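**Q** Here is a sequence with its predicted model. Questions after.
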Amino acid sequence: MLFDRLYHDIANFDIIFIMNKLTRLLIKFLLSLFVVLNIIVAFHAYKFTHFYNRDEITIKNPVEKTGWDKTKEILFGFNAVKQPNQVPDSNFKTIYFTTLDNLKLEAWLIPSDRSRGTVALFHGHGSKKTAILAEAAVFRKLGYNTILLDFRAHGNSEGNTSTIGFKESEDVKLVYDYLMEQHEQHIILYGISMGAATVAKAISDYQLEPEKVILDMPFASLPDAVVGRVKMMGLPAQPISTLLTFWGGAEHGFWAFNMKPAEYVKKIISPVLLQRGSLDTRVTQEETDWIYKNISSEKK
């Protein structure tokens, strides 16, 4: 009996020892995996918020990329290039603005034959002012002057860093202040996607009072925008989107989880037109409903 009990105790001790060891190994593995995942996501967050001129980086055609090139893009993201603008076929005036951190931003002022006011148009993330020329043309047919801006790090504007609307609210204010200096009494702010979110933030940050506001496909919060982006890439939304949001803000010095256009719209006192396409895969109907509910001014 004594030997049986001793054998049983030793066997139990071995099992406990092995289980403890396996638990420690599992914890170390999970911690290592978490660290590696954070490193990869941090690189992707950096690449997602940086744009370069073509002469600043080397860009290879897909057929020129080696297996190692493709692996690096999967692990660390790919370099994004500023999209060049095509000169509009109508008369326009180039205007430059300077931000507080000394970046030169480029805008086009395109007049209408008859002036009912001026519409300031702001493009989306990774885009350019040329991309909203069609919308600007419609407004001019309606009798409005238009001014189109390249956000910092986009198009012909200086800078390489985009904060998805956080710092770009200053860019919107620069355009608004310019129109006020020109004694424009009928200012309409129009933004699409990131541009819409930035317009909402600028109104909230600087107490802007345009005559009207048009928000086209704004995301309700930056975390929501990241979820939409991740889903488009065919990846699981969590935990990748949360980590991307954290690192995207941390790398640029702000708490990205507090970037909420759905809250900024509460400060709008102008009439608002809110738009979303039913086939939009990035911005959900729930986000749009949240934004619409929080608009206390006249809205449609």
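**A** Now that the structure is in, tell me what you want to look at. What you see is a predicted model; the values in this text were computed from it and never measured.
**Q** Pull up the per-residue confidence for the closest residue to Tyr292 other than its chain neighbours.
**A** Residue nearest to Tyr292 in three dimensions, not counting chain neighbours: Leu274, with 5.5 Å by Cβ to Cβ, 6 or more residues apart in numbering. Any C-beta I mention is one placed from the backbone N, CA and C, and that applies to glycine too. pLDDT, Leu274: 98.
**Q** tell me which strands and helices the helix or strand containing Leu274 is in contact with?
**A** In this structure, Leu274 sits in strand 272-275 according to DSSP states H and E. Using 3 or more Cβ pairs under 8 Å, 6 or more residues apart in numbering; DSSP states H and E as the contact criterion, the secondary-structure elements in contact with strand 272-275 are strand 212-216, helix 285-294.
**Q** Need the residues that contact the shortest one.
**A** With Cβ atoms under 8 Å, 6 or more residues apart in numbering as the test, strand 212-216 has contacts from 188-193, 195-196, 199-200, 203, 265, 268, 270-276, 291.
**Q** After the worst-scoring helix or strand of the chain on mean pLDDT, which helix or strand is next? Please name it.
**A** Of all the helices and strands that make up the chain, helix 67-76 has the lowest average by mean pLDDT, DSSP states H and E, namely a mean of 71. Counting by DSSP H and E, the element after helix 67-76 in chain order, helix or strand, is strand 80-81.
**Q** what does that following strand contact?
**A** The contact list for strand 80-81, computed with Cβ under 8 Å, 6+ apart, reads Lys47, Phe48, His50, Phe51, Tyr52, Asn53, Arg54, Ile57, Ile59, Gly126.
**Q** Quick check: neighbours of that strand in the sheet, parallel or antiparallel?
**A** strand 51-52 (parallel) (DSSP bridges).
**Q** now the partner strand, how far from the centre of its chain.
**A** 14 Å (Cα atoms, centre = their mean, to the nearest Å).
**Q** same question for it, mean pLDDT?
**A** Here the mean pLDDT over strand 51-52 is 90, rounded to a whole number.
**Q** what residues does that strand touch?
**A** Asn79, Ala80, Val81, Lys82, Gly126, Ala153, His154, Asn160, Ser162.
**Q** which among those residues end up buried?
**A** Members of the contacts of strand 51-52 that pass the buried threshold by neighbour count (16 or more other Cβ atoms under 10 Å) are listed as Ala80, Lys82, Gly126, Ala153, His154, Ser162.
**Q** Same list (those) but as CSV, adding distance to Leu33 and pLDDT.
**A** Conversion of these to CSV gives the following (distance: Cβ to Cβ, whole Å; pLDDT from 0 to 100):
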residue, distance to Leu33, pLDDT
Ala80, 28, 86
Lys82, 35, 91
Gly126, 30, 93
Ala153, 33, 96
His154, 35, 97
Ser162, 30, 95
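**Q** Looking at those residues, which is nearest Leu30?
**A** Closest approach to Leu30 among those (Cβ to Cβ): Ala80, at 32.2 Å.
**Q** what are the bridge partners for that closest one, then?
**A** Using DSSP bridges, the beta-bridge partners of Ala80 come out as Phe51.
**Q** separation between it and Asn102?
**A** Between Ala80 and Asn102 the distance, using Cβ to Cβ, to the nearest Å, works out to 23 Å.
**Q** One more: Glu184?
**A** Per Cβ to Cβ, Glu184 is found 26 Å from Asn102.
**Q** So for the helix or strand hosting Ala197, mean pLDDT?
**A** With elements delineated by DSSP H and E, Ala197 resides in helix 194-206, which encompasses its position. Helix 194-206 comes out with an average pLDDT of 97.
**Q** next one: stretch 92-100
**A** For stretch 92-100, the per-residue pLDDT values average out at 97.
**Q** what do you get for stretch 175-183?
**A** Confidence for stretch 175-183, expressed as mean pLDDT, is 97.
**Q** Give the full set of residues in contact with the spatially most central residue of the chain.
**A** By Cα atoms, centre = their mean, the chain has its centre lying nearest to Ile164, at 3.2 Å. For Ile164, the residues meeting the contact criterion (Cβ under 8 Å, 6+ apart) are Thr49, His125, Met194, Ala197, Leu222, Ala225, Gly248, Met259.
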